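Asks: Give me a 3D structure for the following:
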Amino acid sequence: MATDVSHGSRKLAHIHLGVDGGAERFFVRLSRALAKRGVEQIAFIRPGRAWRDELAEHCEVRELKFSRSHIKRHFVRWGISREIHHFGATATMGWMSPASKWLPKPGPDMRTFLRLGDWPDGFHTYGNVGDLIGNTPEIIRQAVEMGWPADRAHVISNFVDPLPEDLRPVKRADFDTPQDATVLIALGRFVQRKRFDLIIRALQQLPDTVHAWLIGDGELLDDMKALATECGVLSRVHFLGWQRDPSPFLKAADILVCPTDEEPLGNVVLEGWNAGLPVVATASPGPSWLIEHGKTGLLSPCGDVEGLVASISGIVSSGELRDTLVQNAARYLNDQYSEDSICDRYLELMLRD
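Replies: Numbers count the residues shown, from 1 in each chain. All right, here's what the predicted structure looks like:
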């Protein structure tokens, strides 16, 4: 049951400097869920974000240029603080470490939080941070080990929205993919730690009927295209670019693959479960925490192409295994990562009297 917060009794400010990705999708998702529970919100973001209009449907939005100039930074922070106090926020949350330098000072009428979805990188800009919220235990463990007070550190994970019943999957033919192919799907930035190269190399050892949809953009995109050519699988690797809403692609795929070396949570795991897909992942911290191997997904060692191939092959060859993983994951997702349970924890921590 969702916590009842009467309209106008709680006000929350956000500071979010992100661009596009799973963290941004969750930011919009959480703010919408809190708005449904009567929480008034204001958000300070960079100009030109693709998700700006979606956020503005339920949250006041202020677009700012967050200057790197030491002098200008003080004026920007002062302006943010003034607007937050004028808005009457009882709590302000910064999203990720870069937002910490823009947080206003906490006081008796306004608490401050920093929400981390990645590893802490030191506390030199955390002077105005009251409490930390990490979306995995490992993030908080590392923060406490680095010296952050344990009584001001909290674990609250993510949730995903149920897919609409009338959601239409994309047409495979529109992306040069055979209708009878087994489609692997992976989402994320094309950066080293995401290890999309493992999927490309795995295709060399998988049947020709297995294709991969890689959704995202980033600095290694051209390198991945070159690798697909080198491995002789370019016709089976489909680079689909950044997709604001990947749900129709997930709905049209067969297996979600998360091959990362360093993933604090792995929101894509939740999204894969939510779309009814079996999930194959490497055993980086987040997926290892989320997935019970053999029950809610399959794990293999980080960087191990053969292990990834074995996991994918096991699902392709066994409909029973596939169904078991999907059914167990659906129950676990509903029990542990529902909107109500996650929102209740945020409300209890951030917006209590």
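Asks: Might you list the low-confidence residue ranges for the stretch 201-350 of the chain?
Replies: The stretch 201-350 of the chain contains no residues with pLDDT under 70.
Asks: So which residues of it form strands?
Replies: Assigned by DSSP state E, counting those that start in this stretch, the strands in the stretch 201-350 of the chain fall at 210-215, 237-241, 255-258, 279-282, 298-300.
Asks: So what are the sheet partners of the third one and their directions?
Replies: Sheet pairing for strand 255-258, assigned by DSSP bridges, gives strand 182-187 (parallel), strand 279-282 (parallel).
Asks: can you put those in CSV and add distance to E348?
Replies: Any C-beta I mention is one placed from the backbone N, CA and C, and that applies to glycine too. Listed next are the strands paired with strand 255-258 as CSV, based on distance: least, CB to CB, whole Å:
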stretch, distance to E348
strand 182-187, 31
strand 279-282, 30
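Asks: Please identify the deepest-packed of the strands of the stretch 201-350 of the chain.
Replies: Of the strands of the stretch 201-350 of the chain, the one with the most neighbours on average (mean count of other CB atoms under 10 Å) is strand 279-282, at a mean of 28.
Asks: quick one: contacts of it?
Replies: Contact partners of strand 279-282, identified using CB atoms under 8 Å, 6 or more residues apart in numbering, comprise 195, 198, 255-261, 266, 269, 272-273, 287, 291, 296-304, 307-308, 311-312, 315, 325, 329.
Asks: Please give me every residue in contact with the closest residue to E306 other than its chain neighbours.
Replies: Using CB to CB, 6 or more residues apart in numbering and skipping the chain neighbours, the partner closest in space to E306 is Q205 (7.6 Å). Contact analysis of Q205 by CB under 8 Å, 6+ apart lists 305-306, 309.
Asks: I'd like the distance between Q205 and I199.
Replies: Using CB to CB, to the nearest Å, we find Q205 at a distance of 11 Å from I199.
Asks: and of the strands paired with strand 255-258, who's closest to V28?
Replies: Ranking the strands paired with strand 255-258 by proximity to V28 (CB to CB) places strand 182-187 first, at 16.1 Å.
Asks: quick check: angle from the closest one to strand 237-241?
Replies: Strand 182-187 runs at 40 degrees relative to strand 237-241, counting by axes from the mean of the first three to the mean of the last three CA atoms, to 10 degrees.
Asks: Contacts for strand 182-187 next, please.
Replies: With CB under 8 Å, 6+ apart as the test, strand 182-187 has contacts from 22, 172, 177, 194, 196, 199, 207, 209-216, 246, 249-250, 252-259, 268, 271-272, 277, 312, 316.
Asks: what about the residue lying closest to S81 once chain neighbours are set aside, how many neighbours?
Replies: The spatial neighbour of S81 that comes closest, neighbours along the chain excluded (CB to CB, 6+ apart), is P104 at 3.7 Å. Other residues within reach of P104, judged by other CB atoms under 10 Å, total 20.
Asks: Does P104 touch H86 like I think?
Replies: No - using CB atoms under 8 Å, P104 makes no contact with H86, being 11.5 Å away.
Asks: Would you mind measuring from V129 to P207?
Replies: Distance of V129 to P207, given as CB to CB: 51 Å.
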